[in-house]
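Novice: structure for the following, please:
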Amino acid sequence: MAANLTDRLNGRMLGKLLVIAVMMFGFGYALVPLYKKICELTGINVLSSKDGLADGIGNTQVDKSRLITVEFDANSHGPWRFRPTVASLQVHPGEMTQIVYEVVNTQARAVDAQAIPSYAPQQAAAYFKKVECFCFKQQTLQPNEARQMPVVFFIDPKLPRDVTTITLSYTFFEITAPGKKAA
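Specialist: You can find the predicted model right below:
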């Protein structure tokens, strides 16, 4: 009789545990749409254009009230032609922008090179943020190779208001002497 009572109590406990497990699974499954709905209602974690970006809100980090002229310059110390594809652009601080530099190895041999950037005025260097740049790594140009190399950047909106023009200049150096192999 005691065993019969224990079996019934164990069966009830098993039933309760199964119900709790099913409820926990259902709650976990419902969290994703619930989270999306809460984010939609509160306006946080807006990821898609239908959630507000197409309404004219846009990137709030872009300072549309200012235009900065960015001039591009190229110098070379080696056997190539090196130049920006445009001489200058006007950009809003905070706006992501891409410029392309072209380089042509005019030699009949492979050349290892590195680009070194400089900025004018010098104080602008702290506000010129490059996201992608060919200057981040050494370039190997094959004989007579022509290459277009992008620079993706933005100007920090904290740039002092008295700076209206920035010059980005690259000097492209050969890092191996002719006939020698890089270490």
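
Novice: of all residues in the protein, which one is nearest the centre?
Specialist: residue 131 (5.1 Å; CA atoms, centre = their mean).

Novice: dump the residue contacts of that residue.
Specialist: Residue 131 makes contacts with 96, 152, 153, 154, as judged by CB atoms under 8 Å, 6 or more residues apart in numbering. All C-beta spots, glycine's among them, are computed from the backbone N, C-alpha and C.

Novice: pretty sure it is in a helix, no?
Specialist: No - counting by DSSP: H, G, I helix; E, B strand; the rest coil, residue 131 is not part of a helix but strand.

Novice: what ranges do the helices span in this protein?
Specialist: 2-42 (DSSP state H).

Novice: now the strands for it?
Specialist: Shown for the chain, the strands assigned by DSSP state E span residues 68-77, 80-84, 88-91, 97-105, 111-120, 128-133, 139-141, 146-155, 165-174.

Novice: out of those strands, which is closest to residue 24?
Specialist: strand 128-133 (43.3 Å; CB to CB).

Novice: lowest-pLDDT helix or strand in the chain?
Specialist: Least confident helix or strand of the chain, by mean pLDDT, DSSP states H and E, is helix 2-42 with a mean of 87.

Novice: how about the residue lying closest to residue 116 once chain neighbours are set aside: which residues does it bridge to?
Specialist: Closest residue to residue 116 apart from its sequence neighbours, by CB to CB, 6 or more residues apart in numbering: residue 171 at 5.2 Å. Here residue 171 shows beta-bridge partners residue 75, residue 116, assigned using DSSP bridges.

Novice: follow-up on the earlier one: out of the strands of the chain, which gets nearest to residue 33?
Specialist: strand 128-133 (34.2 Å).

Novice: which of the residues in the closest one are buried?
Specialist: 128, 133 (16 or more other CB atoms under 10 Å).

Novice: and residue 73, how far is that from residue 153?
Specialist: To residue 153, residue 73 is 15 Å away according to CB to CB, to the nearest Å.

Novice: quick one, which of the two is more surrounded?
Specialist: The neighbour comparison of residue 73 against residue 153 (other CB atoms under 10 Å) goes to residue 153, with 19 against 15.

Novice: how much space between the more buried one and residue 120?
Specialist: Distance from residue 153 to residue 120, by CB to CB: 15 Å.
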